[in-house]
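[1] Okay, structure incoming, though there's no sequence with it:
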C-alpha cells in the first residue's frame, strides 16, 4: 500500500529558521518536475505543514485503522498531527516516547501509495524525534536549513554532526531569510553569512543549495492564504 523510493530529512537543530517553508518548497518543486512527493510532518508539537498548504480537512482512515494522507492542490501528499486534531491551535502536551511513537505511526500506519520523494519536516534539536526518524525511517540524506546568524550557525552544526554520527549524508544547505528586498526602493538588505555551517556541510559531502529571501508572498503563504503570485502554488 506504500512504496516510498527516497526519504529526505529537512533539519536544522534550531527552531524558527524555516524548515517547514523549505520542506514545502522542495516538495512542490520536485512535484512540478513530474515526481510524486509527500511530506511527513515530524514536528508533532509545532506542526505547520497543513496551514502552509491550506489543508483544512481532517485526515481520513479505513476500517483497519490506517490513515490516508491529505493532498494539496498540486498533488503533494501530507500527513501531520494537525490533520488529526479538532483545532489546529490545540497544544500537543505529550512526552518524548509518545511523540516518537506517533512519528513511527506516520511512517507505518499511513497509506502513502507510490511516492518518489518523501520530505520529512523535522523538529528542532537532536533529541527523541530526530533520533527516531534516523533510526526508524530509511532516511537517504538530509537538507540543512540555516539563517545568516552566528548563533543559528552554531546550533545548526549540531544537527549536521548528528547526521554524521548516524551516517546520514548531507545533500546541502539552504540559507533562509538570506536577504530582504525593500518594496519601496528595491534595495537588497542582506545578512552577513557566518562562517562554519556551510563549510561543515561541504565536509559532509553537501553543497550550497541556495538562498530564500524574505518576501511578503512567503509571509502570506505561511499564513495559509492563497497567493497567485507565489512561484510555487502549493
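    Sure thing, it's come through. Since the model is a prediction, treat every value here as computed from it, not as a measurement.
[2] Could I get the full set of strands for the chain?
    2-11, 37-41, 60-61, 67-68, 70-71, 77-79, 113-121, 141-146, 170-181, 188-190, 207-214 (DSSP state E).
[3] Name every sheet partner of the first one and say whether each one runs parallel or antiparallel.
    Pointing back at strand 2-11 there. Strand pairing for strand 2-11, using DSSP bridges, gives strand 113-121 (parallel), strand 141-146 (parallel).
[4] Next, format the ones you listed as a markdown table and append mean neighbour count and mean pLDDT.
    Every residue, glycine included, has its C-beta placed from N, CA and C. Shown next, in a markdown table, are those (neighbours: other C-beta atoms under 10 Å; pLDDT from 0 to 100):
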| stretch | mean neighbour count | mean pLDDT |
| --- | --- | --- |
| strand 113-121 | 21 | 98 |
| strand 141-146 | 26 | 92 |
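[5] Among those, single out whichever gets nearest to residue 15.
    strand 141-146 (10.8 Å; C-beta to C-beta).
[6] what angle do the closest one and strand 170-181 make?
    Computed by axes from the mean of the first three to the mean of the last three C-alpha atoms, to 10 degrees, the angle separating strand 141-146 from strand 170-181 equals 30 degrees.
[7] what about stretch 130-145, start to end distance?
    With C-alpha to C-alpha, to the nearest Å as the measure, the ends of stretch 130-145 fall 15 Å from one another.
[8] centre of the chain versus that stretch, how much separation?
    11 Å (C-alpha atoms, centre = their mean, to the nearest Å).
[9] can you list the residues that contact that stretch?
    Applying C-beta atoms under 8 Å, 6 or more residues apart in numbering, the contact partners of stretch 130-145 are 4, 6-12, 17-19, 22, 26, 42, 100, 103-104, 107, 120, 122-123, 156, 159-160, 162-163, 166, 168-176, 197, 201, 206, 209.
[10] which of the residues you listed count as buried?
    Neighbour-count burial (16 or more other C-beta atoms under 10 Å) applied to those gives 4, 6-12, 17-19, 22, 26, 42, 100, 103, 107, 120, 122-123, 156, 159-160, 162-163, 168, 170-176, 197, 201, 206, 209.
[11] Would you reformat the strands of the chain as JSON lines and include distance to residue 128?
    Formatted as JSON lines, the strands of the chain follow (distance: least, C-beta to C-beta, whole Å):
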{"stretch": "strand 2-11", "distance to residue 128": "14"}
{"stretch": "strand 37-41", "distance to residue 128": "16"}
{"stretch": "strand 60-61", "distance to residue 128": "25"}
{"stretch": "strand 67-68", "distance to residue 128": "22"}
{"stretch": "strand 70-71", "distance to residue 128": "25"}
{"stretch": "strand 77-79", "distance to residue 128": "19"}
{"stretch": "strand 113-121", "distance to residue 128": "15"}
{"stretch": "strand 141-146", "distance to residue 128": "17"}
{"stretch": "strand 170-181", "distance to residue 128": "22"}
{"stretch": "strand 188-190", "distance to residue 128": "36"}
{"stretch": "strand 207-214", "distance to residue 128": "27"}
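[12] I'd like to know which of these is closest to residue 31.
    strand 37-41 (4.6 Å).
[13] in its sheet, what does that closest one sit against?
    strand 77-79 (parallel), strand 113-121 (parallel).
[14] ok so, going back, which one of the strands of the chain lies nearest to residue 127?
    strand 2-11 (12.3 Å).
[15] which stretches of the chain have low pLDDT?
    179-180, 183, 189-210, 213-234 (pLDDT under 70).
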